[in-house]
Each structure stands twice: as structure tokens, then as C-alpha cells.
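Asker: Coordinates only, no sequence provided:
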Ligand code: ADP
Ligand code: MG
């Protein structure tokens, strides 16, 4: 029996899903698999686990719920525990290497990756009586694979007389990939639709689509709404947490908080002070600074950071004459000092307690403004939103088919996403959505964004699947299968890494044989990094070099650790500042690269020494600034080192590694062994210098021929190996910037 607090009970009753409890529970009782579609905010995530608990599914086994994002797993477990008045020992969560699950746990929220790992140990998932796959519409790779696997596990459990129920939840009605897919479910599962009250939302397009200055345009639009339009919360969609903070700060400086204190004055005087200091400090080229990781990837990025992007938003003005698309009937422009604004940031890595604040009503008399990334698109519902300001942009990771290199890029969202965003404005009353792009631009948006599995290399999931004895990956019942070529490429790479092996020659040579997982592959499958890096980690253990390998892997995972060159804007003083940092970085690199074996390890050695030096100094912002290191990158590396160290101790308790703040530089012998380890993971990313007599074009001096591209490639000028130009090199990735440049280079010696 669940005893809820009266206020909780009252707010639950408002949720549309409550009306469907009986229909839904009956469907689940009668069918092994049920699909639930309900708009964001209808109560799926918080209520369905409670229905299941009250129906007794938690009695003899657990109710499991998977989320694509860590933040949702943690915050939803807390919310459900609160709503049911149960301890967190009973309603718990598990994310990668962190959780509060106890033997008493009945309801368990976890990331999809965690459940996949559990299935490697117990394919039948006998600890669970029901599994709820949340946010299935997002089509994250792990969610897709889980659904494929569970489609086979469910009948197996039925056969064993211990049935497992599967509930697939989606915020959109687009579920044909699950329901109309005969390979997945022979009998199409029933779809329960939750009706939501959706009030009309008027969509306003911009006449012009801003280019780079869209942040400024966003700021102007929010100010305009706030000054001219009736009460009601504003929800803004941006692409990443740096942008979110920048806009929040700008708004906070322009409008008073509810207590009437205008922060503007102090902020302004700070600003003047700052601009005096600025001359000494180089500015980060903010447009090139978009490598901070995909905002909402469950297991990405680690720390929040306050990057001051203040200077990024320029020329804010108040002369809004283009009120073209605004309903200004209610407009009574007032002095800004009378317009309190309650500004809150919201993004995936924001600590849960700060996230929680968007659910509370804003202080009396002030307008709620939530500045969010696309977490607010489907996974979190913010009450009392009447206006949505949509930049139409999202940050995504893109992969190069040839080199496998990837980069984060800001792109247009799909039409489906834009409509989801607009819908956020009409939950409590009719609302307005301001799209900061023209209708012509919208017309060119993709209808839906393709599932993640069709967009990225699949070596990590091929390895995981092989580890689960799914040998013919191409035959697996994916909701949407990955590209056959991508699977082949992944298998090839894994064979090369030694994670897979072709068994004895098939009797019929024509029958395509798929390689099997090796013991090394099994060990690799247990590390939370991509196979190239887990290979390095697996070998690191052998040679007792783990702390070094962990540091290199962590540093390679984080993009660029040095404050990037970029052409400095601003006056001569500032340029002098940049020059100063450049020469400091060059000098440090030279020192860190050292001589002999150390130098042969090249840029990897520089990474290793940078990590060591920074850690020794306590990883402070000051140290980073003085040494041209990106503070955010260094703090991320720090967390990753802790995570990997923890992972290794979990996987092989004998290793007993720890994060040493006084890591000494490796010896000559260690440097040599490290080079072999790096080579073992990057063995296919190798290039040979083209002999001088074969080069006709002068601009091709010091060109290299890599195994993966026909074109010549070059060592990036920032590398410590540009002077020596060894005959053979390995590199982390090729990034095309003017020329195809190899980044993070080490030498390969011929023995
Ligand atoms: P869905 O999963 O269908 O999107 P949820 O179950 O997440 O819906 O949310 C249902 C309602 O509960 C929403 O109106 C949301 O505002 C509210 N809610 C969710 N989490 C919290 C929380 N931590 N504190 C207060 N209200 C919350
Ligand atoms: Mg939800």
C-alpha cells in the first residue's frame, strides 16, 4: 500500500496518464509487449513505474526503467521515491559506476548502457519482472539494441514460465519502427495513446534567419517578449551549456530579480574592470570552442563549467522596431527596473538540485525564463511555459565515413523536433512559439532526424554484441539496422585489434563467416571506452603502465587541451597577450616532449606530461591559464581518469590502480613500452613519409601517405614532431583544416 502526501496526490490527479491507468495495466497484463505514446509531461516516466509497483510487479522481482540520459535516471528515481513516500533504498538508480541500489530495491532506474552490461551477465534478466524502456523515440543506439535483445528475451522468459513484461515508452506517435517491424515483434504490440490537453500554439517565423549572431537575436527576442507580452514563462532552446550560461548572465544583468535588486550596476562596474584586465589575458576563440561534448549524451562530458561567454553576445540594443510578428495588444513598455525576471539554466549536466528549481513557481511578480538545451525538448517538462523561443539548432556529433574522425557540430533540428519544442508552449494555456529562422529555412529541415545507429561507427556495439554471443550482427533484429558497410568496417577493426578472430576455415568458403570474440575482446568489452582505447587499457595492465595509459586515453578522449591558436581579435595588447601564451605553450611542449624515447612518443608524451603537471598543481584554473591549457578540458580529463581508474579496479580487482597526483614522468623504457601500447590501438592510423624524390609539388614537402586516405596527409603544425618528421608515424585522428592534418602524432620506429 502506497501512502502519498496529499499535495502529491493532488498534482498526480492532474496528469493525463492517470486516466489511462486501468486500460494500460490491463494491456500490460494481457500482452508481453506494450507501447505507450504520450506527449512530454503526460506523466509516463513518473507514473508508470508507480502503477507497476502498485500492481505488484515489484513483489518478487524488480521493476527496471532505462533512460538514455544519466540525469534522468537519477532525478526520476528521486522523484518517484518522493511521490510514493518510499525510501531511496527501495526506489533507486544505477548509472555507470555510481548508484544507490540495495537488496531492498524494487524500482530501479538506470541508463540503457547499464542494462546492456547487465545483459552480458544475465541475458534473461531474471532479477526483473518488467522492463520499461523510456524515451524510445530518441532512438539512442543502446535503446535500439535493448529493444532488439528484449524482443528475443521476452518469448524465452515466457517459455520458462517466468514471464517478463516489456513496456516501450515514446513521446511521439512515430513508433512504426517498433510496431510494424515483423523481424522485431511477430505480433504487433498494442499501442496505448495518452491523450493530452494541448492548447493551440501560434508559431511565428522570423523574416530573416540570423547567421552567427543567433545568440544575440535570441537575447533580443526574450527581452522583447518580456517587455511587451502578458505574463507567462519563457522557454529558450539553445545548443550547449556554454551558450546557456552566457544568455542567463546577460539576462540577469539586464533585468532585476524579484527582490528588486538590479544586478546590472555591479555587473557593469565589474565589466569595466574586466575589460581593463582583458588586455593581459588571451581570449578564447569562442566560435571554435564548440568541442565541449554532446550535451545530452548519457555518458559523455563530466563537469559543468562556467565559461564566460559574455563577450560573445555583442551590441545588445533596445530599439526593437521590428515588432512584425508580435502581438503587441498588451504591450505597455515599462522601465526595465520594474520587470523582474527569474532566469534559470537547464541542461543535462546541471546538478539535480539546480535542475529541480525549474519545477518551482517563480518568485511573486517575476517572469520565469528557462534557458535550456534540448533536454527540455522531451525529457523534462517545465510547468507554466507560455512562450517558446527556438533557435532551431542542436549540437550533434558527426562522423567521417573514411577516417572515423568525429566532431561536434551545430545543425538545424528536424521538423519533428521543432514541433516538439513549439508544443512546450501550449501545456497550460494557448501559447506562442517564436522561431528564429524563416519559414523557408524550416521547409528545408529534415522531417525526422535519422536514428543514431545510422549515423555513427559501430565498433563498440559490435564488440558488445559479440561479447553477448550475438555472432551474426547483421541478422540482429534492430529497429533500424546499421549500415552493412559500417558493420563490416567495425568487424575488420576489431579483428585487427585482436578482439575478434576468424575461426577455422569454413567448409564452404563461400559462406560468409563472422569472426568470434577472443578472451582479449571480452576484457575489452568491459571498459567504458571505445575499443581502440580499451585495447590500450587492456595492454597497460600487462606492463604495469596503467596510470600512464589511463592518462593518455583520457586526454585523447577530450578534444584539444591547449588554448587554441585562432587569430586573435582585438587590439595590439591583446595580440601580444596571445603571442605570449603561444610562446609559453611552445616552450612547454618542447620541455614536455623531451628527448630520446620520450620525444618519439611525441604529442602523446606532451599530453601525458601536461596531465601530470596540471594534476600536480591541483588542476586549478590559475595553473591552466598560466600554461595555455584549457581549464575545462583539464577538469574533464581529471574526472575521466577517476572514472577509468574506478572501472579498471572493478573489472580487474587485482590491478589496484589509483589516481596519483604525483605521477612521475615515464622512464625511457616506459616511454618505449607506452609507444607500443598506443600503436596497438591506433595500428590502422599509420602513415609513411613520402620520399622527397617522389614529390613534384613543392607544397607537398613532408607529405605523408596514410593507409586510410588516398590524399597526402600532413603533421599538424602544433605537433612536436614537425621538426623531426619521422618516417613512420601514428596519429589519433585526421582533421581537415585547409589540409588534411594528422593530430596527436607519435613516431613508429623500425626495429
Ligand atoms: P513524461 O515522462 O510523460 O514526459 P513526467 O512523468 O516526466 O512526464 O512528468 C509528469 C509531470 O511531473 C510533469 O508535469 C512535470 O512537470 C512533473 N515533474 C516531473 N519531475 C518533477 C520534479 N522533480 N519535481 C516536480 N515536478 C516534477
Ligand atoms: Mg519522461
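Answerer: It's in. Quick caveat: nothing in here was measured; it's all calculated off a predicted structure. Ligands and ions are numbered 1, 2, ... in the order given.
Asker: Most proximal residue of the stretch 1-150 of the chain with respect to ligand 2?
Answerer: Residue of the stretch 1-150 of the chain nearest ligand 2, by CB to the ion: residue 45 (3.2 Å). Every residue, glycine included, has its C-beta placed from N, CA and C.
Asker: Does that residue touch residue 75 like I think?
Answerer: No - with contact defined as CB atoms under 8 Å, residue 45 does not count as touching residue 75 (9.7 Å).
Asker: Name the residue in the two with the higher neighbour count.
Answerer: Just comparing residue 45 and residue 75: by other CB atoms under 10 Å the higher neighbour count belongs to residue 45, 27 against 22.
Asker: how deep is residue 482 tucked in, by neighbour count?
Answerer: 24.
Asker: give the contact list for it.
Answerer: Contacts for residue 482 were tallied using CB atoms under 8 Å, 6 or more residues apart in numbering; they are 453-454, 458.
Asker: Kindly recompute the last result at 6 Å.
Answerer: 453, 458 (CB atoms under 6 Å, 6 or more residues apart in numbering).
Asker: Torsion angles phi and psi at it?
Answerer: phi -70, psi 160 (degrees, to the nearest 10).
Asker: pLDDT score for it?
Answerer: On pLDDT, residue 482 comes in at 90.
Asker: residues contacting the residue of the stretch 1-150 of the chain closest to ligand 2?
Answerer: Residue 45 neighbours (CB under 6 Å, 6+ apart): 76, 134.
Asker: That one and residue 730: what is the separation?
Answerer: Separation of residue 45 from residue 730 (CB to CB, to the nearest Å): 45 Å.
Asker: Please apply the same query to residue 28.
Answerer: 53 Å.
Asker: Ligand 1 contacts on the chain?
Answerer: Proximity of the chain to ligand 1, by CB under 6 Å from any ligand atom, involves residues 15, 38, 40-47, 75, 79, 356, 359, 381, 383.
Asker: can you give me the helices in the stretch 101-250 of the chain?
Answerer: 112-121, 141-159, 176-179, 214-228, 241-254 (DSSP state H, counting those that start in this stretch).
Asker: any idea which helix or strand comes after the helix or strand bottoming out on mean pLDDT in the chain?
Answerer: Scoring the helices and strands of the chain by mean pLDDT, DSSP states H and E places helix 264-278 at the bottom, with a mean of 40. Heading C-terminal from helix 264-278, the first helix or strand you meet, by DSSP states H and E, is strand 341-346.
Asker: So what are the sheet partners of that next one and their directions?
Answerer: strand 367-372 (parallel) (DSSP bridges).
Asker: Tally up the residues packed near the closest residue to ligand 2 within the stretch 551-700 of the chain, please.
Answerer: Nearest to ligand 2, among the residues of the stretch 551-700 of the chain, is residue 643, at 26.4 Å (CB to the ion). Counted with other CB under 10 Å, the neighbours of residue 643 add up to 19.
Asker: Let me know the pLDDT of residue 503.
Answerer: Confidence score, pLDDT, at residue 503: 80.
Asker: Name the residues that touch the helix or strand hosting residue 540?
Answerer: Using DSSP H and E, residue 540 sits within helix 531-543. Identification of contacts with helix 531-543 by CB under 6 Å, 6+ apart yields 459, 463, 497, 499, 523-524, 527, 546, 549, 553, 655, 673, 677, 680-681.
Asker: swap in stretch 49-61?
Answerer: Against stretch 49-61 from outside (CB under 6 Å, 6+ apart): 2, 21, 25, 63, 65, 80, 84, 106-107, 127-130.
Asker: Just the buried subset of the residues of the chain next to ligand 1, please.
Answerer: Buried members of the residues of the chain next to ligand 1, scored by 16 or more other CB atoms under 10 Å, are 15, 38, 40-47, 75, 79, 381.
Asker: what two of those are the furthest from one another?
Answerer: 38 and 75 (18.9 Å; CB to CB).
Asker: any idea whether the residue of the stretch 551-700 of the chain closest to ligand 2 is helix, strand or coil?
Answerer: helix (DSSP: H, G, I helix; E, B strand; the rest coil).
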